[in-house]
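Visitor: prediction below, plus the sequence it came from.
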There are 2 protein chains.
Amino acid sequence: MPRKLYELQGSEDKRLSPYCWRSRMALSHKELETEFVPVQFGQMEKVSFSGQKLVPVLDDNGRIICDSWSIASYLESAYPDKPSLFGGEAGRAGARFMNGWVDRTLHPKMIRLVLCDVYNTAIEKGDQPYFRASREARFGVTLEEFYDISQARIDAFRAAFELARLSLEEAPYLAGEEPLYADYILFGTLKFIDLCSPLVLIAKDDPIYDWYGRMLCLFDGLAAGTGAAVERAT
Amino acid sequence: MPRKLYELQGSEDKRLSPYCWRSRMALSHKELETEFVPVQFGQMEKVSFSGQKLVPVLDDNGRIICDSWSIASYLESAYPDKPSLFGGEAGRAGARFMNGWVDRTLHPKMIRLVLCDVYNTAIEKGDQPYFRASREARFGVTLEEFYDISQARIDAFRAAFELARLSLEEAPYLAGEEPLYADYILFGTLKFIDLCSPLVLIAKDDPIYDWYGRMLCLFDGLAAGTGAAVERAT
């Protein structure tokens, strides 16, 4: 029975979810051969076997794991002989903190900058009604009202990376000398922006930009494309 | 030649600095016998040998280290056979991130809530003119204008601990199953508040409150007092 990761599929077969990228990178880090199963917003019945309707979902030879953090934790404990995703107990705690920081601090600032681009070009036309309805219910305003690419918003988003920059002053990766799951967490967000927005949200003279470039080169350039071309991570 | 930590001394011999508490806890964690040398704001010539005017300063048998993060990093590399402060390379990176988060996110919210209490009661009378002048120059307004203990400010401060609470949902300490330097970083801030403010800034039903109580009990209750009674950490 093969190992499968169910991940969000946008237009032109782009793999769109920041969270799914975390899991994709984690599986590569663990050197686990995986089949990637695309799921559009309107196709979440594909993961109904998991008892919920969100991706990523990992089916590891019948063991079903939902949620990117749970997937990373599962992989670390299930495959202790493969390269560690966390670098130990304290590293795991640090990655958990990073996970919260990206989700709670960066994502609320990011979503306003990309929302209409996601809607207009990054998802399939057929998914647009669902996307609009669900997001407008969540934000309480129309997509167009919530979307805001003013320079002030861009500056605030860039400023929010301050803590990551402090880390990169000390080491080439957020986890230290080598990339670990803490890096994949933030990477997923920037890869998502890369795939769905025409804006240059990270300036080229930002240390985050250089770090992102190094991340794209990992695993023989696994993450340099749109995700669609990679049938299996090996 | 003994090992000495120069640390900030307030009124009634309280050891006031969040940063000095980080170093004090780190020295205890490393099981290093240390003499604590009190330094009031007006006595910074005591650390002029270090080439700067801030505490903490560690004099480790003639090796002079300034800045709490540098002290922790130094102790970890100088005493590899003692209990690790970071739990490995990735744990060190996580602690570095925590260090930035506390300094850049929590402290700006905290200082408004305690500033006048620090001035009025927590420092020596003789240090008040220096404290007022230096802080008013930094903040651009009077101490009394900057000080703000409105419920909105307290609520914002409490809300800012969200990321730490997420970590404590997974494990009893910020670094995982056992306390490490990541915990001492945040602990220093709460110990400082405890010593200088009459406000209950962390509610008793907050998981942070329970964690803080566990931290006070470490090292045979080293941090449960004002710091003054502890002549040597052993």
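Guide: Received the coordinates, thanks.
Visitor: so which bits of chain A are right by chain B?
Guide: Contact residues, chain A versus chain B (CB under 8 Å from any CB of the partner chain): A:86-101, A:104-105, A:162-164, A:166-167, A:170-171, A:173-178, A:180, A:182. (Each C-beta comes from the backbone N, C-alpha and C, glycine too.)
Visitor: try 6 Å this time
Guide: A:87-91, A:93-94, A:96-97, A:100-101, A:163, A:166-167, A:170, A:175-176, A:180 (CB under 6 Å from any CB of the partner chain).
Visitor: measure A:Glu12 to chain B for me?
Guide: 35 Å (CB to the nearest CB, to the nearest Å).
Visitor: and for whichever residue of chain A sits closest to chain B, nearest residue in space, chain neighbours not counted?
Guide: Closest residue of chain A to chain B, CB to the nearest CB: A:Gly94 (1.8 Å). Ranked by CB to CB, 6 or more residues apart in numbering or on different chains and with sequence neighbours excluded, the top spatial neighbour of A:Gly94 is B:Gly94, at 1.8 Å.
Visitor: packing partners for the helix or strand where that neighbour lies?
Guide: For B:Gly94, the element it lies in under DSSP states H and E is helix B:89-101. Applying 3 or more CB pairs under 6 Å, 6 or more residues apart in numbering or on different chains; DSSP states H and E, we find helix B:89-101 packed against helix A:89-101, helix A:162-170, helix B:181-196.
Visitor: go again with 8 Å.
Guide: helix A:89-101, helix A:162-170, helix A:181-196, helix B:68-78, helix B:181-196 (3 or more CB pairs under 8 Å, 6 or more residues apart in numbering or on different chains; DSSP states H and E).
Visitor: please compute how far it lies from its chain's middle.
Guide: Chain-centre distance of helix B:89-101: 16 Å, with CA atoms, centre = their mean, to the nearest Å.
Visitor: next, the angle from that helix to helix A:89-101.
Guide: With axes from the mean of the first three to the mean of the last three CA atoms, to 10 degrees applied, the angle from helix B:89-101 to helix A:89-101 works out at 40 degrees.
Visitor: contact partners for the residue most central in space within chain A?
Guide: Residue closest to the mean C-alpha point of chain A, counted by CA atoms, centre = their mean, is A:Pro18 at 2.0 Å. For A:Pro18, the contact set (CB atoms under 8 Å, 6 or more residues apart in numbering or on different chains) comprises A:107, A:188-189, A:191-192.
Visitor: for B:Ala133, state which of these is nearest.
Guide: A:His107 (41.8 Å; CB to CB).
Visitor: run a quick neighbour tally on A:Tyr119.
Guide: 18 (other CB atoms under 10 Å in any protein chain shown).
Visitor: could you do A:Tyr173 as well?
Guide: 20.
Visitor: residue contacts, it?
Guide: Contacts of A:Tyr173 (CB under 8 Å, 6+ apart): A:179-180, A:182-183, A:211, A:214, B:93.
Visitor: pick the one among those residues closest to A:Phe157.
Guide: The closest of those to A:Phe157 turns out to be A:Trp211 (CB to CB; 16.1 Å).
Visitor: could you measure from the residue of chain A closest to chain B over to A:Met44?
Guide: Distance of A:Gly94 to A:Met44, given as CB to CB, to the nearest Å: 32 Å.
Visitor: ok, the two, which is more surrounded?
Guide: A:Gly94 (38 against 18).
Visitor: residues in contact with the more buried one?
Guide: Contacts of A:Gly94 by CB under 8 Å, 6+ apart are A:86, A:175, A:182, B:90-91, B:93-95, B:97-98, B:175, B:182.
Visitor: of these, which pair is most distant in space?
Guide: Taking CB to CB, no two of the contacts of A:Gly94 sit farther apart than A:Phe86 and B:Met98, at 15.3 Å.
Visitor: neighbours of A:Val118, how many?
Guide: 24.
Visitor: try A:Tyr209
Guide: Neighbours around A:Tyr209, by other CB under 10 Å: 13.
Visitor: cool, the one 3 residues further on as well?
Guide: In terms of burial, A:Tyr212 registers 19 neighbours under the definition other CB under 10 Å.
Visitor: and chain A, what are its domains?
Guide: With domains defined by automatic domain parsing, chain A comprises A:3-84+A:226-233, A:89-220.
Visitor: picking up where we left off before, I'd like the contacts of A:Gly94 as JSON lines, with pLDDT and distance to A:Asp205 appended.
Guide: Shown next, in JSON lines, are the contacts of A:Gly94 (pLDDT from 0 to 100; distance: CB to CB, whole Å):
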{"residue": "A:Phe86", "pLDDT": "98", "distance to A:Asp205": "31"}
{"residue": "A:Ala175", "pLDDT": "97", "distance to A:Asp205": "24"}
{"residue": "A:Ala182", "pLDDT": "98", "distance to A:Asp205": "24"}
{"residue": "B:Ala90", "pLDDT": "97", "distance to A:Asp205": "28"}
{"residue": "B:Gly91", "pLDDT": "98", "distance to A:Asp205": "31"}
{"residue": "B:Ala93", "pLDDT": "97", "distance to A:Asp205": "23"}
{"residue": "B:Gly94", "pLDDT": "97", "distance to A:Asp205": "27"}
{"residue": "B:Ala95", "pLDDT": "98", "distance to A:Asp205": "28"}
{"residue": "B:Phe97", "pLDDT": "97", "distance to A:Asp205": "22"}
{"residue": "B:Met98", "pLDDT": "98", "distance to A:Asp205": "27"}
{"residue": "B:Ala175", "pLDDT": "97", "distance to A:Asp205": "34"}
{"residue": "B:Ala182", "pLDDT": "98", "distance to A:Asp205": "31"}
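Visitor: can you select the buried ones from these in ChimeraX?
Guide: Remark: buried members of the contacts of A:Gly94, expressed as a ChimeraX selection using 16 or more other CB atoms under 10 Å in any protein chain shown:
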select /A:86,175,182 /B:90,91,93,94,95,97,98,175,182
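Visitor: what comes up buried for the next helix or strand after the helix holding B:Gly94?
Guide: Toward the C-terminus, helix B:89-101 is succeeded by helix B:107-117 as the next helix or strand (DSSP H and E). For helix B:107-117, the buried set under the neighbour-count rule, 16+ other CB under 10 Å, comprises B:109-110, B:112-117.
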